[in-house]
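Asker: Pasted the sequence and its predicted model underneath.
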Amino acid sequence: MIFSELYGAYYNTVAAILTEAIDHPLTDRCMNEIIKKYAFSESIWAIPDAIKEERWQLILPDGTTPIKNKPSMPITLLQKQWLKAIGGDPRIKLFGILILTMLMLNPFFYNGLYYF
């Protein structure tokens, strides 16, 4: 739940639009299909206008983009700390996941810290 706020529907939608625009010039139809697939239904009114009016300066009028590399979803410090905390729980070892404890960070919370 916490990570969906950081990389939500709009981020994924624009990332998909940029990925298509890197591969080939983007058409209105293609952009609308991506928006319908990844975004909320009311986004069909907001995202295309922002792109066409170049408010975000991501897509050029010819449907191409000045961006050369496909967008990625980098992991944030908060996500790393949360993963470190989960890795500190002895029950996670039942799944054979040991790499989470190797992160050189302070965990987001400590095992044994309980609030009721």
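Answerer: All right, it came through fine. Residues are numbered from 1 along each chain as shown.
Asker: So what's the residue count around I34?
Answerer: For I34, the neighbour count with other C-beta atoms under 10 Å is 22. The C-beta positions use only the backbone N, C-alpha and C, and glycine is treated the same way.
Asker: scratch that, D89 is what I was asking about
Answerer: Residues near D89, counting by other C-beta under 10 Å: 16.
Asker: what's the answer for L60, then?
Answerer: Per other C-beta under 10 Å, the neighbour tally for L60 reads 14.
Asker: distance of it from A21?
Answerer: L60 sits 9 Å away from A21, taking C-beta to C-beta, to the nearest Å as the criterion.
Asker: Also F95?
Answerer: Taken as C-beta to C-beta, the span from F95 to A21 is 39 Å.
Asker: These two - which one has more neighbours?
Answerer: Using other C-beta under 10 Å, the more surrounded residue of F95 and A21 is A21, with 23 against 8.
Asker: Surely that one and P66 touch.
Answerer: No - assessed by C-beta atoms under 8 Å, A21 is found out of contact with P66, at 9.6 Å.
Asker: Contacts only, for the closest residue to I51 other than its chain neighbours.
Answerer: Computed as C-beta to C-beta, 6 or more residues apart in numbering, the closest residue to I51 that is not its neighbour in sequence is I59, at 4.9 Å. Under the criterion of C-beta atoms under 8 Å, 6 or more residues apart in numbering, the neighbours of I59 are I17, L18, A21, L26, I51, T65.
Asker: where does this protein have low pLDDT?
Answerer: Under the criterion pLDDT under 70, the flagged ranges of the chain are 1-7, 97-116.
Asker: Out of the contacts of I59, flag the one nearest to D89.
Answerer: Nearest to D89 among the contacts of I59 is L18, at 36.9 Å by C-beta to C-beta.
Asker: Check which residues of the lengthiest helix in the chain are buried.
Answerer: Longest helix of the chain, by residue count under DSSP state H: helix 9-23. Neighbour-count burial for helix 9-23, counted by 16 or more other C-beta atoms under 10 Å, picks out N12, T13, V14, A15, A16, I17, L18, T19, E20, A21.
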